[in-house]
Structure formats: C-alpha cells, structure tokens
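Novice: have a look at this prediction, sequence included:
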Amino acid sequence: EDVLLPAPQNISILSTNMKHFLTWSPVIVQGETVRYSVEFQGEYEREYANESWIPICECSLIAATECNITEDISATVAYNLRVRANAGARRSDWGTLKGFFNRITTSLTPPLMKVIADGYHLLVELEDMGPAFQFCVLYWKKGQESRVQQKVVKEVNSVVHLDTMEAGLDYCVKAQAKVEAINRSSSFSETQCVRAQGGTPVWL
Amino acid sequence: GPCRVSMSMAEIRSGFNAIKANIQARDPIRNLSILSYPHSLHKVKSSERCCITHQLFTFYVDKVFKHCRTEDSYINRKISSIANSFLSVRRNLELCHEQNKCVCGQESLGKLKQILVNYEGLNVTSAAMKSLGELDILLDWVEKES
C-alpha cells in the first residue's frame, strides 16, 4: 500500500541584505532520493488571481533543502511560500511557511568598508551589496565630531572620493547601508580613521 | 502632485525589461495604443498627475494583470513581481488619496475614461497583453514626472 510522503517540516526563511532563502528539514525515505518543489503566492495572487500559486522552476524537483527565492520576492508585500516532497511517483502534501514573509523584515548589516588615505585624498571603498542598496557615508576630522559631513553613494562601482585632507590631521569615516524599496537602513559600520602624510597611507 | 511615492521603479522596470520583447511580440494590433490614443500621457497637467498615476495603477491591478497569464513560467513569475509591486505602490497612493492630496479633476477623469474605452474596444486578452506591453509608456511618464 502506497504510504503518503510526509510534508516537509520546519519551513523557514533566512533573509539578510535583501537576499531571501527558503529552508526546510529533509524528508527521509529509506532507499529513495527525495526531491522538493517550491511555489510562492504574492498578495496580488491572493487578492486578484484566485489565490493561485506560482512555481519556482529553479527549485523544482531539487535535492537541496534550500531555495533562493530572492528574484521572486521582488515587491514589498506579504508572500506565502510552500514546498512539497517527491520520491519516485509519490508526492507529499504541501508544507506551507507559517505566516507571511515580507521583505521589509530582512536583516540589514552594516557595509564592509575600507578607508584609504591616498596622499591628501580621503577615499572609501564600499562593499557591493546589490542593486537595491545605497550608502550614507559620514566623515569628520577627529576631534571635530560636531562637524560631520555626509555623502550619499547611490552606486558602488569604484572608490569614492570624500575629501582633500589637511596634513597631520586624522580623518574618521563610518557608513550605513540603505534600501529605498523598504525604506530601511542598517546600523553604522565601525569607524575607521586615517591620516594624510605625503601620500603614504597610515593606519591608526 | 504633492504625493511623492517612494517606489522601486528600478525593480518594476527591470522586471518589465526582462519580458518586454516577449509580451510586445504577442500583440498583433500595432496601429492602436491603449495609453496614448488619442493623446499622450505627457499632455496631462502636473496637478492631476497623482490622480492619474493612482487610477492607472488601479487599472493595471484590477483589469490587466489577471488576463496576462501565459504558458511560460518565467514570464508568469515576472508578471507576478510587477503586479505585486503595483499593488504595493497603489497602497501608498491610496494613503495620499485618503489625505485628499490626490484629487482627480475633469482632465484626468476624461483621460482615464478614454483609456477604458480603448481597452474595452478589444477582446480582453488582447487588451490586457497590449496594456502590459505599453508599460514602458507608463513607466517613462511616471519617471519623467517624478
């Protein structure tokens, strides 16, 4: 008699810096390879398209217990997600994520940042966190914390020039990431300070 | 208008660009435009821009996307992402509407009425696919104006 496969359990989302992954516990069937298929349903599908579900073909009959759903979670609305197990001709019921997922809840980490003193030029190199990200860079002369300057960096494709430094002064920099699509920002990175000295970068 | 909707135009645009050629190839009626006939969106007064944006997003959400299902799973996924983005934007515009900052005047009502006449002049699937294919007209107008 054909025993129904158990539905996948412990279905959850890992979402960091606007990259979203659906994960679940493996379904164990002795002597058989179990494969999984994932589907999503946005708010539009629930309210305007007869609660239809849309398959993610990159996660159709996969052996892994994880699926990158970033490309499909591309609106700031509530999504439903489900996954089903397959073994041979047998299929499980759908296991559905408890509660909705909205990308507004993604966790945002401060950007990796490298501050460079290139001669008298204060430069910063920022981590490329993806197209959804902009950065707010704050910089100031050490000891003059009340006179912080700000630069918004919309695209990270090269080193950013912040200022021309006075010799012998320390300049400090910190940065945060911002995602306009969800109107949220990360915390600030650690502060890094450098000093201009005739073109030889000095780390403090 | 006063309602500046912070919306991820880049995401909608990239979703549309990924399927634009496929969708526009499905539209056999070349000599008619739903959004631009007889007058382009660009002729609309800026004071009525918010209302037209709100109404057009409602038009796409209520009437267009549901009739655009295709046999291609990738296309359907991209249409879903555009539709859900439109839903999210419309919700923001609704807030403006409720705060009375998105008032509709005669001109916008007339313009919207013409779009519906154009839309209903075709069979629903052709009209929906054509409207989806004209999304770049709407996106260009919204981006230009904002």
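Specialist: Cool, got the structure. Numbering: from 1, shown residues only, chains lettered A, B, ... in the order given.

Novice: and after the top helix by length along chain B, which helix or strand comes next?
Specialist: Using DSSP state H to define each element, chain B has its longest helix at helix B:73-98. Using DSSP states H and E, the next helix or strand after helix B:73-98 towards the C-terminus is helix B:106-120.

Novice: rounded mean pLDDT for that next one, please.
Specialist: Taken as a whole, helix B:106-120 carries a mean pLDDT of 90.

Novice: with stretch A:14-23 instead?
Specialist: Mean pLDDT, stretch A:14-23: 98.

Novice: list the residues that contact residue 72.
Specialist: Picked chain A for this. By Cβ atoms under 8 Å, 6 or more residues apart in numbering or on different chains, the contact set of residue A:72 is A:40, A:54, A:56, B:77, B:80, B:81. Glycine gets a C-beta too; all of them are placed from N, C-alpha and C.

Novice: ah, I was thinking of chain B
Specialist: residue B:22.

Novice: quick one: it from chain A, how far?
Specialist: Counting by Cβ to the nearest Cβ, to the nearest Å, the gap between residue B:72 and chain A amounts to 10 Å.

Novice: identify the farthest-apart pair in the contacts of residue A:72.
Specialist: Longest distance between any two of these is 11.8 Å, between A:56 and B:81; criterion Cβ to Cβ.

Novice: between the two, who's got more neighbours?
Specialist: Using other Cβ atoms under 10 Å in any protein chain shown as the criterion, residue A:56 and residue B:81 rank with residue B:81 on top: 25 against 21.

Novice: quick one, what contacts that one?
Specialist: Residues near residue B:81 by Cβ under 8 Å, 6+ apart: A:42, A:71, A:72, A:74, A:75, B:11, B:15.

Novice: repeat the analysis, applying 10 Å as the threshold.
Specialist: Residue B:81 makes contact with A:40, A:42, A:44, A:54, A:71-75, B:11-12, B:14-16, B:18, according to Cβ atoms under 10 Å, 6 or more residues apart in numbering or on different chains.

Novice: flag the least confident of the residues you listed.
Specialist: Across the set of the contacts of residue B:81, residue B:11 stands lowest in pLDDT, at 87.

Novice: how near is that one to residue A:196?
Specialist: Using Cβ to Cβ, to the nearest Å, residue B:11 is found at 40 Å from residue A:196.

Novice: if you count what's nearby, which of those two comes out ahead?
Specialist: For residue B:11 versus residue A:196, neighbours defined as other Cβ under 10 Å are more numerous around residue A:196 (23 against 19).
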